[in-house]
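*Asks:* predicted coordinates and the sequence they were generated for:
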2 protein chains.
Amino acid sequence: MLELKRIAIDTYRDNVAFLARNCSVYRPEEYQALKKIQVMNGSHHLLASLLIVDDETIVGPGELGLSEQAFRRMGLKAGTRVTIAPAEPPGSLDHLRRKIHGHTLDSAQIEEIITDIANYRYSEMEIAAFLVSSAGFMTTDEMLSLTKAMAQAGTQLRWKSPVVVDKHCIGGIPGNRTSMIIVPIVAAHGLTIPKTSSRAITSPAGTADTMEVLAKVDLSMPEMQRVVEECNGCIVWGGHVNLSPADDILISVERPLSIDTREQMVASILSKKLAAGSTHLLVDLPLGPSAKIRNHTDAMRLRKLFEYVGNQVGLAIDVIVTNGAQPIGNGIGPVLEARDVMSVLRREEGAPMDLREKSLQIAGALLENDPGLRGGSGYAQAQELLDSGAALKSMERIIEVQGRAQEVFCVGELAYDVLAPISGTVTAIDCYRLARIARLAGAPMDKGAGIDLFKKIGDNIAKGEPLYRIHACFQSDYSFAVKYVSEGNGYAIGELA
Amino acid sequence: MLELKRIAIDTYRDNVAFLARNCSVYRPEEYQALKKIQVMNGSHHLLASLLIVDDETIVGPGELGLSEQAFRRMGLKAGTRVTIAPAEPPGSLDHLRRKIHGHTLDSAQIEEIITDIANYRYSEMEIAAFLVSSAGFMTTDEMLSLTKAMAQAGTQLRWKSPVVVDKHCIGGIPGNRTSMIIVPIVAAHGLTIPKTSSRAITSPAGTADTMEVLAKVDLSMPEMQRVVEECNGCIVWGGHVNLSPADDILISVERPLSIDTREQMVASILSKKLAAGSTHLLVDLPLGPSAKIRNHTDAMRLRKLFEYVGNQVGLAIDVIVTNGAQPIGNGIGPVLEARDVMSVLRREEGAPMDLREKSLQIAGALLENDPGLRGGSGYAQAQELLDSGAALKSMERIIEVQGRAQEVFCVGELAYDVLAPISGTVTAIDCYRLARIARLAGAPMDKGAGIDLFKKIGDNIAKGEPLYRIHACFQSDYSFAVKYVSEGNGYAIGELA
């Protein structure tokens, strides 16, 4: 028996255990570094990767150390006596090996794999192996099984209303904060729209980051349910609600490897929506030269796949291909995007028209799912709800019930204007480059950091006039962003003839 | 600047860095747990995975901790001032992504990947991604590039003799310690045979583990060269000589994932032999119902692949398919196998004839590579060298020059006889099961642990007579092995009619 010790090392998703090389109980040769062990005490047990320690101040010969996360997941007090054993590998590894060697898997096998992943039984190496073997080849049946298995592996929200609408954008377009306008419109109409959003991973802001400028977003499941009961809708961070946790784990490995297949994207998105209890989903696919989808063929293929899988898993799906040629709205970064959203909801002069228009279109399409609404009148109804101030009132109520933000966030004080090098007309804007600049400036970590656009495609500009302003909160970020801009500002300007 | 601190945690192949969450120099939000960072001081730099620490006794706010291995690789004293930066991902990841998405790679791209792997720039996740994407599909050109790139990524031994012979068995057969008989025969004849061997990973003994019962095997490159100069041959552990280090790293990920493709096996073996400076290689493919190769078609496919790649990389290859129906020799486990080897070399009565015969056949085939030897007389010459005592003398000299073992290893004192449950004739022996029993008994960690076989296929046995004896050094291992045997002893006995 060893005494449990909490080791204040943050190992993120990994469970890590620390054993002294001169352990008084177990033979260290049997327990090689990086191998997985099982830590046990009665009904408590945990799989962890092992590190061998030669420093008694970290772990003594009669102790077993667990990293922060592992200690918390183990759920026992320091000093509790535990035993360890070499871990039995998860049973589904046999299926994984079959997949690696080119076989197809049935739904029971995929479910076993996903259950093991959701329960932290796979190492990153094994997750990578699953993703890569699936990226190489995946049948539509496998994809359906994956979608369902992921949806079932975590929390499954259910709502009273028979119609629960949702929207999802595959991303890649800076700004584009339509959800925060669509949710209040749809909720004001009376449809249920329990929106769970993500935080930015590679972009300058996710909807959760932007909504956080205005309200609390890390709600628990009962808190979220209360908001939806009171307001018909919510805009919360999905991370606390444990929807499709296997998907989050897969994504944490997909990102660094840049694995980005249609099949995995569709399974990922639809598993989250199924788990969230949606019945009707609108998917927004922005198409543009620097967007994620760059040609019509790819957009159509992706649309068909969404429709096919949605049909099979019982989710009514509408896919719309939107203009992804440039950012939507003027702000990029949480504070600047929140400003645009509120400006549209408040019908302010100078509110970005492109953001308003796109939001109305999507909200209108969602409203068409109301059986009580006359077919084809969704857009007009959305416009009415926005222009009457009903949507603004709905948003204020959502903010109030979720909990108004305690802190007032301002735009970053360090500002740098990027000037037009020649006179002419803006012909293209590189979404990818602008996102990178905004991130270098500090977004989304610093909510006030980002970019404020003054010119969009088609606008005329004179040499020396500002194209956009970079905002940063820290000098080092400011310098990084300015330096990067000097290598290319992301704007193409056509000289006037 | 941070002060370097050595953290006495063994992280095996991974470089791990430890940063305090309250670091006084770097903003911790920029440095997320598990992300890779670059640690720098002048020309010294190192890539490491980051862990965030909340305990000042482990890492203080002005310090950067490095795990044992990372600290050693960094090559600087504790207290040296270093800077850190988010790591630039290795350039070859772009090629990896192409491979994941089904493209084929050219030789320059594969070389970049292998160079990055050999220099510890890939995470386990990335290595797994490379292996799985290659397991799914690999052209023969890619395989050739992989073989050459791996051979070139580490030490490349070169020898004076124009003919340098070597042998390799793909493994899977317990006992089968032919190398330790073949090397002294071939060396006694005067051919150069610088044998580097592996330690057991999943088997009860590797040649290096068994040779270690008799002599020092962890020789440096100059030490190995001296032995070969004096004795024409050696039997050393390859681990210290840094031959094809990328292969070792790939294997460390292949094993836990059980990725086992023909292509990766051939590239792995041939890269090591190329790096070791061999000109002629004999490959032993044991074929049997519980061997790695279980049917003739697979054996032929593997043979063709060895021959093709050997031809392309300029290595003369002979492939022989041998009888892999049962263990070769009587002992399984380092001490018992060393006993068999010395018994054959000493021409003792009762020396295992199957081990002698197989060794003579392979040694004979290798001797045929001597241009001075009359074609077809290899076997007779091998027999002459063994029976005259020349091979024994050669072995004694190799042991002497490598350095005789300081410790005397004995067979494990805890012994358990496995008895025949019925009378009859032995019809089959399960190699895989016997290997597992020997490992549970403690081999290769405990050199004296293992199995001593009394009966082989075709032998008659009476009910209650011992089939084999299990030897263990520790009570817990003994119990594990005995318990496992009770579920099946690995022998099939046909009742006499």
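*Replies:* Good, I have the coordinates.
*Asks:* got the contact list for the spatially most central residue of chain A?
*Replies:* Taking CA atoms, centre = their mean, the centroid of chain A lies closest to A:Ser198, which sits 3.2 Å from it. Taking CB atoms under 8 Å, 6 or more residues apart in numbering or on different chains, we find A:Ser198 in contact with A:Gly206, A:Thr207, A:Ala208, A:Trp237, A:Gly238, A:Gly239. Just so you know, the C-beta spots here come from the backbone N, C-alpha and C atoms, and that holds for glycine as well.
*Asks:* listing request: residues of the stretch 101-250 of chain A with sub-threshold pLDDT.
*Replies:* Judged by pLDDT under 70, the stretch 101-250 of chain A has no weakly predicted residues.
*Asks:* domains of chain A?
*Replies:* A:2-86, A:93-152, A:165-402, A:414-494 (automatic domain parsing).
*Asks:* least confident of these, on average?
*Replies:* Mean pLDDT is lowest for domain A:2-86 out of these, coming in at a mean of 87.
*Asks:* which residues of the stretch 51-200 of chain A fall in strands?
*Replies:* Secondary structure of the stretch 51-200 of chain A (DSSP state E, counting those that start in this stretch): strands located at A:63-67, A:81-86, A:165-169, A:193-197.
*Asks:* A:Tyr432 sits in which helix or strand?
*Replies:* helix A:431-440 (DSSP states H and E).
*Asks:* continuing past that helix, what's the next helix or strand?
*Replies:* strand A:450-453.
*Asks:* which residues make contact with the helix or strand that that following strand is followed by from outside it?
*Replies:* Sequence order places strand A:460-461 as the next helix or strand after strand A:450-453, per DSSP H and E. Identification of contacts with strand A:460-461 by CB under 8 Å, 6+ apart yields A:Ala420, A:Ser423, A:Gly424, A:Thr425, A:Val426, A:Lys455, A:Leu467, A:Ile493, A:Leu496.
*Asks:* same deal with stretch A:217-234?
*Replies:* A:155, A:157, A:159, A:183-184, A:186-188, A:190-197, A:208, A:211, A:235-237, A:239-242, A:394, A:397-398, A:401-402.
*Asks:* which of these count as buried?
*Replies:* A:157, A:159, A:183-184, A:186-188, A:191-197, A:208, A:211, A:235-237, A:239-242, A:394, A:397-398, A:401-402 (16 or more other CB atoms under 10 Å in any protein chain shown).
*Asks:* which of the residues you listed come close to chain B?
*Replies:* When CB under 8 Å from any CB of the partner chain is applied, no member of the buried ones among the contacts of stretch A:217-234 is adjacent to chain B.
*Asks:* let me see the ranges of the helices in the stretch 251-400 of chain A.
*Replies:* A:262-275, A:296-313, A:334-345, A:353-367, A:378-387, A:390-402 (DSSP state H, counting those that start in this stretch).
*Asks:* dump the residue contacts of A:Asp141.
*Replies:* Contacts of A:Asp141 by CB under 8 Å, 6+ apart are A:Thr104, A:Ser107.
*Asks:* same question for A:Leu214.
*Replies:* A:Ala338, A:Met342, A:Ile399, A:Arg404, A:Ala405.
*Asks:* can you give me the buried ones in stretch A:70-87?
*Replies:* Result for stretch A:70-87 [16+ other CB under 10 Å]: buried residues A:Ala70, A:Phe71, A:Arg73, A:Met74, A:Leu76, A:Thr80, A:Val82, A:Ile84, A:Ala87.
*Asks:* residues near the nearest residue to the first one once chain neighbours are set aside, how many?
*Replies:* To tie it back to what came earlier, the one meant is A:Ala70. Closest residue to A:Ala70 apart from its sequence neighbours, by CB to CB, 6 or more residues apart in numbering or on different chains: A:Asn15 at 3.7 Å. Neighbours of A:Asn15 under the rule other CB atoms under 10 Å in any protein chain shown: 22.
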